[in-house]
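# Provide a 3D model corresponding to the input given below.
(2 chains)
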Amino acid sequence: QVQLQESGPGLVKPSDTLSLTCNVSGGSVSSGNYYWSWIRQPPGKGLEWIGYIYHSGITHYNPSLKSRVTISLDTSKNQFSLKLSSVTASDTAVYYCAREHPTWPPDSWGQGTLATVSS
Amino acid sequence: QSVLTQPPSASGTPGQRVTISCSGSSSSIGSNYVFWYQQLPGTAPKLLIHRNNQRPSGVPDRFSGSKSGTFASLAISGLRSEDEAEYYCAAWDDSLSGPVFGGGTKLTVL
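Numbers count the residues shown, from 1 in each chain, chains lettered A, B, ... in the order given. From the prediction side, this is the model:
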């Protein structure tokens, strides 16, 4: 059974870049059967899809965040990463990494990591 | 504002049956599978229903899902106190080429 685990700084300064990594075990990010995605949830609010990366390196981002988001893959470490630039307080959220079958919502989620944007 | 529409709250007493609705569009629920998640406070969403009405192993058969057109619903029968949680629906959206979510329904067991 696949397991996903997020890691990264819990505190980010305004205008800086938020960087998170998702370590995958029990499955391979090189598998052609899945998208590897990032989803966030502001405190007390609902879920927002950020984007995904495919094993080929092809990415697709939510248009609302596209100008600030980069998702990348490290097959040697079986990891994928999120970078969100020029953050503001509205980017404060629990960030989840997840696995999706193409054209399906996520079927596996990491436990989530809280990223707070504050000076 | 979420793409899929859910009631913000629902409630029931132990043993009752409750349903939670989820409304979408032709590009989301109308042409793709619906998933349902249960989220307890401080935890990640847990997959409850996939592909409209399929339960992952370990999910009690008290939970069931259905879909018709651009609407979906989650039914919970024999309500228990441990069912008190936030419930989210989700579906792929062909216009976004990504998943969209409902705003969540807070279920209270009275």
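
# partners of the strand ranked longest in chain B in the sheet?
In chain B, assigned by DSSP state E, the strand with the most residues is strand B:85-93. Here strand B:85-93 is paired, per DSSP bridges, with strand B:34-39 (antiparallel), strand B:98-101 (antiparallel), strand B:105-109 (antiparallel).

# Tabulate those strands in JSON lines, adding columns for mean pLDDT and mean neighbour count.
Every C-beta, even on glycine, is put in place using the N, C-alpha and C of the backbone. Formatted as JSON lines, the strands paired with strand B:85-93 follow (pLDDT from 0 to 100; neighbours: other C-beta atoms under 10 Å in any protein chain shown):
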{"stretch": "strand B:34-39", "mean pLDDT": "98", "mean neighbour count": "24"}
{"stretch": "strand B:98-101", "mean pLDDT": "96", "mean neighbour count": "25"}
{"stretch": "strand B:105-109", "mean pLDDT": "98", "mean neighbour count": "17"}
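
# Quick one: closest of the ones you listed to residue A:53.
Evaluated over the strands paired with strand B:85-93, closeness to residue A:53 peaks at strand B:98-101, with 12.1 Å, by C-beta to C-beta.

# Please, which helix or strand holds the residue of chain B most remote from its centre?
Distance from the C-alpha centroid of chain B, by C-alpha atoms, centre = their mean, peaks at residue B:95 (21.4 Å). Using DSSP states H and E, residue B:95 falls within no helix or strand.

# Tell me the secondary structure of the closest residue to it other than its chain neighbours, please.
In space, residue B:95 comes closest to residue B:27 once its chain neighbours are excluded; the distance is 4.6 Å by C-beta to C-beta, 6 or more residues apart in numbering or on different chains. Using DSSP: H, G, I helix; E, B strand; the rest coil, the three-state assignment for residue B:27 comes out as coil.

# Contact partners for residue B:27?
B:93-95 (C-beta atoms under 8 Å, 6 or more residues apart in numbering or on different chains).

# Report pLDDT for it.
With respect to pLDDT, residue B:27 has a value of 96.
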